[in-house]
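Structure, please.
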Amino acid sequence: MDKSLRNTLRLAITNCRKLLEEDCSRQLEGKYGVHANGYIESFDKLPLLSVKGQAERQAIEATIKHEASSGISLPEAVERFTRESAFTTLNRFAALKLMEHPNRKLIQESIINGDRSKGFQQFSKISPMALQNEEDGGYRLYLKMLIDDLSHGVGVLFDNRQPQSILFPSPTCMSKVLKILNQSDLESVWGEDETIGWMYQFFTPPELRDQARKESAAPRNSYELSFRNQFYTPRYVVAFLADNTLGRTWYEMRQGNTGLVEQCEYLFQPPDQPIPDRNKRDPRTLRVLDPAGGSGHFLIYCFDLLETIYQEAFLDEDLGPELQKDYPIHNEFIEDIPRLIVEHNLFGIDIDLRATQIASLAIWLRAQRAFAKKNIPIPKRPLITKTNIVCAEPMPGNFTLLGEFLRDLRPRFLGNLVREVWNQMELAGEAGSLLKVEQMLREDIRRSRQAWQNMPEPQQLSLFGEQPKPVQIALDLFEIKDEVFWDEVEERVLDDLQAYTQQVSGIEGISRRLFAHDAEQGFAFVDLLQEPFDVVLMNPPFGAASINSKDYIKENYPRTKNDLYAAFVERGLELLRPGGLLGAITSRTGFFLKSFQKLREEILLEESQFIAMADLGYGVLDTAMVETAAYVLQKEGSFEFRQTD
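Residues are numbered from 1 along each chain as shown. Sure thing, here's the model as predicted:
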């Protein structure tokens, strides 16, 4: 997508955002009694609100107050809810356009010609009674039903359980938005996988970013940190980094005998040096992480490489037998490759829930394109049940609900563990992948498991360091009856969370569901970091840490605390298995400024080695005024490589 087309898309998204935000604000105030200044009217002032409308108002109010519990004002919470609702609607319309495109044909034509689209015309003939008494002829109802249907099979962005789904655009607003999205000079963008990512970047008002930077040199919270660092990585930079990390990994495993030699245009191998002899691995065990995932563009590119890797692995003399045991029929294996890639290989973390939704959708769409290329009919395609894209956000701050949840949690050790994770996750929304919560959890469980195994008398046990009530803690461990418990700790907590949310209804039930959703995201974040990665790819945030996370970064990253991107490089190497590869595009300041001396001497030159580097200069990251470099590092450690004579 060239710059001219991106600018056209940027203008279209800006105009759509303004239309949708104004429409959402009118609905909030006019129908639900929620005002921009944070004032929320009582139900007795809304006599015309139906029973359904009252339930919707309860959900909206609970969501706004839940957002405000993070420390922002009610007017700010209302503004965010309005923007999130507009964002949800716009991206759903965009997703429908991507899905109906001839390259994918995942749904009937539904958006491109408005109420004259084939999908709606067929629906109106099949179900004319459903459209009676609809002011616009039923087109809005059709789109709502289509989105609801997709929520069952696709999830992610189409999840109608989220309160941001309540506000659907009025007929006038929707007509204007669809006219913009359907304009002829945007026609080519809907065939591109990266379109949804550009929309994510363009949605944030530039004046919001400018105002935040004017008021504070460092981000003041996770919300600011997310939109101040939204810079899309160009395709050629993604290719350079992925080719020399994931591509190189397989190239070394196969000693150059791979189609990736032609596929990876930027793969660099010095002609006068032998190819390192890396141990082969089942492709289902290869783990690729983007710790600052954004809209998932690194992972989408890696999808292409992994398709080739899987196909070659099935016929590999060393790897093939294990795969052929699970897939006796070759064609069944080929058809399942897209699902295997999504569920086993691609992992992403971001502090913005919107970004994780976009990335999950983009990866799902890429998998569907792969299924279509294999001529697999939609009903026969392997079901993709999950994507490994998680949001790093604090556990919910409602301590009343936390206490209520922990009260009946058994064995009581689970409560101790949950509370500890809860405390550690306080900075997740601002530290993101830099938060070393998995190390804390791993150490706590290790010490507790060891204490349980060596338990002669309850009085001799302690947990989580020094405790004021060691006898009670010992009794908590004494409740654990078998070794299996230690392998099921996280699953037990999530099962209990789900049961907890289903106990009541009404506004209390909504609060519980919001509480459980945030908690589940937190545990998913911890779980994702439990195993090491083979490849880490990133365009990390740069500049100062957020105000609230500054002390944490200073304490845990003393060598790289002066800039977030340097800390991300250190953390990325830490998350790799020995011999793993890291690819990053960052500011080039780390290679010459004195303040980055420890980064250069201790991390880049001692804990890793350079594989490839490109000095890119200005103008690479869209509007970011920074000189950049793209480079690939290999983590020190050699047990991943075969011994050669």
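
Show me what counts as buried in stretch 408-416.
By neighbour count, and taking 16 or more other C-beta atoms under 10 Å as the criterion, the buried residues in stretch 408-416 are Leu409, Pro411, Arg412, Phe413, Leu414, Gly415, Asn416. No exception for glycine: its C-beta is placed from N, CA and C like everyone else's.

Nearest to Ala524, out of those residues: which one, please.
The shortest gap between Ala524 and any of the buried residues of stretch 408-416 belongs to Leu414, at 17.1 Å (C-beta to C-beta).

quick one: the closest one and Phe485 touch, right?
No: using C-beta atoms under 8 Å, Leu414 is not in contact with Phe485, being 9.3 Å away.

who touches both of the two?
Shared contacts of Leu414 and Phe485, defined by C-beta atoms under 8 Å, 6 or more residues apart in numbering, comprise Arg492.

Remind me what the top strand by length along the chain packs against, helices and strands.
Looking across the chain with DSSP state E, the single longest strand is strand 576-587. Helices and strands in packing contact with strand 576-587 are listed as helix 235-242, strand 533-538, helix 564-575, strand 608-617, strand 628-635; criterion 3 or more C-beta pairs under 8 Å, 6 or more residues apart in numbering; DSSP states H and E.

Give me the sheet partners of that strand and which way each runs.
Sheet neighbours of strand 576-587, with direction, are listed as strand 533-538 (parallel), strand 628-635 (antiparallel) (DSSP bridges).

residue closest to the middle of the protein?
Ranked by distance to the mean C-alpha position of the chain (C-alpha atoms, centre = their mean), the top residue is Thr356 at 2.8 Å.

So which elements touch the helix or strand containing it?
Taking DSSP states H and E as the criterion, the element that holds Thr356 is helix 353-373. Packing contacts for helix 353-373, counted by 3+ C-beta pairs under 8 Å, 6+ apart, involve helix 74-100, helix 195-203, helix 297-315, helix 330-344, strand 346-350, strand 388-391.

With mean pLDDT and mean neighbour count as new columns, can those be given to me in CSV?
Supplementary listing: the helices and strands packed on helix 353-373 in CSV, determined by pLDDT from 0 to 100; neighbours: other C-beta atoms under 10 Å:
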stretch, mean pLDDT, mean neighbour count
helix 74-100, 92, 22
helix 195-203, 83, 23
helix 297-315, 96, 22
helix 330-344, 95, 19
strand 346-350, 93, 26
strand 388-391, 87, 24
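
Could you list the low-pLDDT ranges of the stretch 101-250 of the chain?
Applying pLDDT under 70 to the stretch 101-250 of the chain flags residues 153-156, 205-232.

can you give me the helices in it?
118-126, 139-153, 171-181, 195-203, 206-215, 222-228, 235-242, 248-253 (DSSP state H, counting those that start in this stretch).

Contact partners for the closest residue in space to Leu346 that isn't next to it in sequence?
Sequence neighbours aside, Leu299 is the residue nearest to Leu346 in space, at 4.5 Å (criterion: C-beta to C-beta, 6 or more residues apart in numbering). Leu299 makes contacts with Val288, Asp290, Gly293, Leu346, Phe347, Gly348, Ala359, Ile363, Leu537, as judged by C-beta under 8 Å, 6+ apart.

hmm, 6 Å instead?
If you count contacts by C-beta atoms under 6 Å, 6 or more residues apart in numbering, Leu299 has them with Asp290, Leu346, Gly348.

What is the nearest of these to Glu29?
The shortest distance between Glu29 and any of the contacts of Leu299, using C-beta to C-beta, involves Gly348 and amounts to 36.6 Å.

now that closest one: how far from Arg354?
As defined by C-beta to C-beta, to the nearest Å, Gly348 lies at a distance of 13 Å from Arg354.

Please apply the same query to Glu426.
Look at Glu426 and Arg354: by C-beta to C-beta, they are 22 Å apart.

who's more crowded, the two?
Taking neighbours as other C-beta atoms under 10 Å, Glu426 and Arg354 compare with Arg354 leading, 22 against 16.

Would you mind measuring from the nearest residue to Leu106 once chain neighbours are set aside to Tyr557?
Spatial nearest neighbour of Leu106, chain neighbours left out: Met99 (4.0 Å); criterion: C-beta to C-beta, 6+ apart. From Met99 over to Tyr557 the distance is 42 Å, taken as C-beta to C-beta.

Also Asn388?
25 Å.

got it, and Thr88?
35 Å.

Next: Glu61.
Distance check for Glu61 against Tyr557: by C-beta to C-beta, it reads 40 Å.

Likewise for Pro276?
30 Å.

Which one's more surrounded, the two?
More neighbours sit around Tyr557 than around the other of Pro276 and Tyr557, counting by other C-beta under 10 Å; the figures are 21 against 18.

can you pull the contacts of Gly259?
Contacts for Gly259 (C-beta under 6 Å, 6+ apart) come out as Thr308.

same thing but at 8 Å, please
Neighbour list for Gly259: Thr308, Glu312 [criterion: C-beta under 8 Å, 6+ apart].

ditto for Thr387
Residues counted as contacts of Thr387 (C-beta under 8 Å, 6+ apart) are Val156, Val342, Glu343, Leu346, Ala359, Ser360, Ile363, Trp364.

For stretch 587-596, output the C-alpha coordinates as PDB.
Coordinates of the C-alpha atoms in stretch 587-596 are reproduced here as PDB (Å, rounded to 0.1, in the frame of the first residue of the first chain):
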ATOM      1  CA  SER A 587      15.800   4.100  17.100                       C
ATOM      2  CA  ARG A 588      19.400   3.900  16.100                       C
ATOM      3  CA  THR A 589      20.600   5.900  19.100                       C
ATOM      4  CA  GLY A 590      21.600   2.800  21.000                       C
ATOM      5  CA  PHE A 591      24.500   2.300  18.700                       C
ATOM      6  CA  PHE A 592      26.400   5.500  19.500                       C
ATOM      7  CA  LEU A 593      25.000   7.500  22.500                       C
ATOM      8  CA  LYS A 594      27.000   7.100  25.700                       C
ATOM      9  CA  SER A 595      23.800   6.500  27.700                       C
ATOM     10  CA  PHE A 596      23.400   3.200  25.800                       C
END
